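Chemist: model this:
(one chain, ligands or ions: 2)
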Amino acid sequence: MKEMWTSVASLLGAFAFFQTFLHAVFPPELRRATFKLFQRLFNSYSTNCCFDITEIDGVSSNELYGAVQTYLSSSASVSASRLSLSRPLNSSAFIFGLTNNDRLVDSFAGATAIWEHVVTQRSAPSFSWRPLPDEKRCFTLRIRKEDKLLILPRYLNHIMDVAADIRRRNQERLLYTNSRGILDTRGYPWESVPFKHPSTFETLAMDPSRKNDIMADLRSFAGGQSFYQKTGRAWKRGYLLYGPPGTGKSSMIAAMANFLQYDIYDIELTEVYTNSELRKLLMKTTSKSIIVIEDIDCSVSLTNRGSSAPTMAMPDDPSSSPVSSAAAAMAKSFTLSGLLNFTDGLWSCCGSERIFVFTTNHIEKLDSALLRSGRMDMHINMSYCSFPALKILMRNYLGMSDDELAVGNEDEGLFRELEAAVNAAEITPADVSEVLIKNKRYEKRKAMEELLEVLKGRAAGRINAAMPSLRKEAEEEEEQEKRALEIPKVEEDELVGNSEEKQGRKTEAEEEEEEMPEE
Ligand SMILES: Nc1ncnc2c1ncn2[C@@H]1O[C@H](COP(=O)(O)OP(=O)(O)OP(=O)(O)O)[C@@H](O)[C@H]1O
Ligand SMILES: [Mg+2]
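Modeler: Ligands and ions are numbered 1, 2, ... in the order given. So this is what the prediction gives:
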């Protein structure tokens, strides 16, 4: 036993001497160079090649790292024995991941790809404008050299697509908004919250054929990548929603986002002061998104394309307060042409598959340049509640089935009355919804009868409200008719008078004639 310890001690002593000797003979630079040389020799004889995909590329996040992480989390490609499990914020799914320094084998187009997740401690604190994580994380992809050209670009594109798809399926979509001077930790001008609006085309009350048109248009847009490429058009589409308040413009936007599974960027134009700010906002939006400007007629003055005058709409007279006049001064650099470029200029096509939606209560106030095709491709009139829309609301709020709503049912008479009343009432779907929410405590027939009373009241109220002007109109019409009748009478009188005069003259002439022969 003693001998064994003696030999171990002498071995350690020899090792220490050898190490000191190596350090003295080979300085660190020479050792590093030798290591690199061996590595290069090894690489040139190796049949594999490696790619490092680091989490942080310079100072910004590496999109590919995130995509690989998501891709490897898909259950289809998970085949490792040890995995990490997480559930990101706003996500509805659990995510598998590679644990530190673990590896996973994937295959693509007949080739094998080996992924390794390498985590090391960050050595020296390097200078950075934002704090970097303590750990350096990177994925290493190892494939055979001969597969490199064959699969690499296709494989990476495939990873990006699959990751985007997984993210869309798992992650609840986001609703972004902008506010001046606020940048998030990644330097983004957008703040986001999970988008959970329950409105869908199913619940949206409007004419079914119009609704189908819009859905078909959206579907053909979303699947039209090759069409847009072939025709040389930017892959974007503009919708203008107009109509009175409470007719479902915002609900329609939510329904579009839910239908296409897109994020929403709701631009607050009153927080944008210059054209370049607007451009920056646009540059930081992602594909597969809906960019919304609500109540566009209230946000900017939209009839002054060429003017250099302030274009932001001020709630009060700009001269009334120093703040508003300062804002007016700042507003000088945001123009209608900036907004037009935003929707249709060169900058509008940074990114792809994006929908622009503007809403307004007063379409007549908008500049025709903004309305033309290419900018606003489809104008959608969200009007007062029609009978088909009312039926959808009754189905949603009173739980009526299609059979109960079908023509020729036992409530046919009541339905006819409802149809006449809703057309006469000019009531918004928002108001009908409110009535139905109150009435849903009754059984269906009673709820409909109560609704009918409200609609009739609204129709009567509308007629009464319009009565003074209607009466005035009727009086004016009567007056005009009278005048129209009087004019011919006067003319007639005049004619009669003239003829009598003529007759009188004739009589005199005749008298003269009669007298002549006597002479
Ligand atoms: N067409 C509709 N179908 C279903 N619900 C509707 C419809 N229109 C309005 N509503 C109901 O009324 C509420 C208000 O509608 P919404 O905000 O979409 O109207 P809007 O047209 O955007 O109004 P505004 O012009 O004031 O912004 C919604 O929450 C929704 O419940
Ligand atoms: Mg709205």
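Chemist: and H23, which of the three is it?
Modeler: Secondary structure, DSSP: H, G, I helix; E, B strand; the rest coil: H23 is helix.
Chemist: any idea how far it lies from Y239?
Modeler: Applying CB to CB, to the nearest Å, one obtains 72 Å for the distance of H23 from Y239. The C-beta positions use only the backbone N, C-alpha and C, and glycine is treated the same way.
Chemist: Those two: which is more packed in?
Modeler: Y239 (23 against 11; other CB atoms under 10 Å).
Chemist: Check that one and give its pLDDT.
Modeler: pLDDT, Y239: 94.
Chemist: Kindly report the same for R130.
Modeler: The model's pLDDT for R130 equals 53.
Chemist: Report the contact partners of R375.
Modeler: Contacts here follow CB atoms under 8 Å, 6 or more residues apart in numbering; on that basis R375 touches 238, 340, 343-344, 356, 369.
Chemist: Ligand 2 contacts on the chain?
Modeler: Applying CB under 5 Å from the ion, we find that the chain lies next to ligand 2 at 249-250.
Chemist: So which helix or strand of the chain has the lowest pLDDT on average?
Modeler: helix 322-330 (a mean of 47; mean pLDDT, DSSP states H and E).
Chemist: hey, what's the residue in the stretch 301-450 of the chain that ligand 2 sits nearest to bridged with?
Modeler: Using CB to the ion, the closest approach of the stretch 301-450 of the chain to ligand 2 is made by T359 at 6.0 Å. T359 has these beta-bridge partners by DSSP bridges: L241.
Chemist: and it, how far is that from A421?
Modeler: Counting by CB to CB, the gap from T359 to A421 is 28 Å.
Chemist: for the one helix or strand S209 maps to, the distance to its chain's centre please.
Modeler: Per DSSP states H and E, S209 falls inside helix 208-222. The chain centroid and the centroid of helix 208-222 are separated by 16 Å under CA atoms, centre = their mean, to the nearest Å.
Chemist: quick one: the helices in the stretch 201-350 of the chain?
Modeler: Here the stretch 201-350 of the chain has its helices, by DSSP state H, counting those that start in this stretch, at 208-222, 225-231, 249-260, 275-283, 296-299, 322-330, 336-344.
Chemist: Out of those, name the one with the poorest average pLDDT.
Modeler: In terms of average pLDDT, helix 322-330 trails the rest of these, at a mean of 47.
Chemist: Mind telling me which residue of the stretch 151-300 of the chain is nearest ligand 2?
Modeler: Residue nearest to ligand 2 within the stretch 151-300 of the chain (CB to the ion): S250, separated by 3.3 Å.
Chemist: Buried deepest among the helices of the stretch 201-350 of the chain, which one?
Modeler: Highest mean neighbour count among the helices of the stretch 201-350 of the chain (mean count of other CB atoms under 10 Å): helix 249-260, with a mean of 22.
Chemist: Determine the set of other helices and strands touching that helix.
Modeler: If contacts are counted by 3 or more CB pairs under 8 Å, 6 or more residues apart in numbering; DSSP states H and E, helix 249-260 sits against helix 208-222, strand 236-242, strand 263-266, strand 289-293, strand 354-360.
Chemist: if you set the cut-off to 7 Å instead, what comes out?
Modeler: Judged by 3 or more CB pairs under 7 Å, 6 or more residues apart in numbering; DSSP states H and E, the packing partners of helix 249-260 are helix 208-222, strand 289-293, strand 354-360.
Chemist: and the shortest one, how far from the chain's centre?
Modeler: It refers to strand 289-293. 3 Å.
Chemist: Report the mean confidence score over it.
Modeler: On average, the pLDDT along strand 289-293 is 93.
Chemist: cool, and stretch 82-94?
Modeler: 69.
Chemist: 520 is where my numbering starts, stick with that
Modeler: Got it, first residue is 520 now, which makes that one stretch 601-613.
Chemist: Check the separation of the first and last residues in it.
Modeler: Chord length of stretch 601-613, first to last residue, is 15 Å (CA to CA, to the nearest Å).
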